[in-house]
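> One predicted model, sequence on top.
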Amino acid sequence: ALPHRYDAEDTSNKARCKTKLQDELGLRFDVAFPLFFFDDAEPGSGALELVLSNLVSIVRLGAGIVIASSRPPSAAESEVLASFPDEVKLLVQPDAKQRRRLLAGTDFYVGLEKNNPSGARIQKAARYGSIPVALAVDAGRDTIVDADAELKTGTGIVFEEATAGALLGALGRAVAAFRADKFSRFQARVMRQDLAWDRAARRHVQIYRQ
């Protein structure tokens, strides 16, 4: 599905995937311009409305956003989106291939699910190097270690409330991380996580034997 393959040992082709995505969607190209992927994974939760109502503030952070929406935008929402043709794109129900390309071409995955028992989307984003920015609920709290300011530790960014202030605070932290010298190492660390079941399965066997 990807125009260029990459992995945690060599992430250089992820930048090429980002450039390709920006070109395909007609987004502004700027190496200092982080790109967020907002996933409306929980339709009807108000998450989509939260993002759309704060687009001006998000763009002012110096960032762009791609929205995978579960529904077409309303007339009022379309008017807001039209104000940012180079910074914001909304895709209605992208298929599996498109979603993979979005994960490969974006720097951060923004998850606002209030009920997230599995954390599967967060883990997939991490695998593709799209740093998770998510609510600290359910598996979001379990699968993400909140990064410190110097990016020495952590596997993403978590925030406590689905409010404009909390969301913008988390996105502001993400923009600062993106512009830090250690971002590439941070991204590689997130991608290197062992998300397979092998270790957990072996541990279960050990516990049963004990």
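Noted; the coordinates are in hand.
> Only C-alpha atoms from now on, for both contacts and neighbour counts.
OK.
> buried sites along the helix or strand of the chain with the lowest mean pLDDT?
For the chain, the helix or strand with the lowest mean confidence is helix 138-143, at a mean of 81 (criterion: mean pLDDT, DSSP states H and E). Within helix 138-143, the residues that count as buried by 16 or more other CA atoms under 10 Å are Ala139, Gly140, Arg141, Thr143.
> which one of the residues you listed is nearest Val92?
For the buried residues of helix 138-143, the closest approach to Val92 (CA to CA) belongs to Gly140, at 24.3 Å.
> and the nearest residue to that closest one once chain neighbours are set aside, backbone torsions?
Using CA to CA, 6 or more residues apart in numbering and skipping the chain neighbours, the partner closest in space to Gly140 is Gly119 (5.9 Å). Comment: the main-chain dihedrals of Gly119 come out as phi 70, psi 20, following degrees, to the nearest 10.
> Does Gly119 touch Arg141 like I think?
No: because the distance of 9.1 Å does not satisfy CA atoms under 8 Å, Gly119 is recorded as not touching Arg141.
> Regarding the residue sitting nearest the centre point of the chain, which helix or strand does it belong to?
Note on the chain: the residue nearest the mean C-alpha position is Tyr109, at 0.4 Å, using CA atoms, centre = their mean. Using DSSP states H and E, Tyr109 falls within strand 108-111.
> Measure how far whichever helix or strand comes after that strand is from the centre of its chain, please.
Sequence-wise, the next helix or strand downstream of strand 108-111 (DSSP H and E) is helix 120-127. Relative to its parent chain, helix 120-127 has a centroid offset of 9 Å by CA atoms, centre = their mean, to the nearest Å.
> ok and the next helix or strand after helix 120-127 relative to helix 120-127, angle-wise?
Per DSSP H and E, the first helix or strand lying C-terminal to helix 120-127 is strand 131-135. Angle, strand 131-135 to helix 120-127, by axes from the mean of the first three to the mean of the last three CA atoms, to 10 degrees: 150 degrees.
> Identify the residues contacting strand 131-135?
By CA atoms under 8 Å, 6 or more residues apart in numbering, the residues outside strand 131-135 that reach it are 107-114, 122, 125-126, 140-141, 144, 155-162, 170-171, 174, 187, 190.
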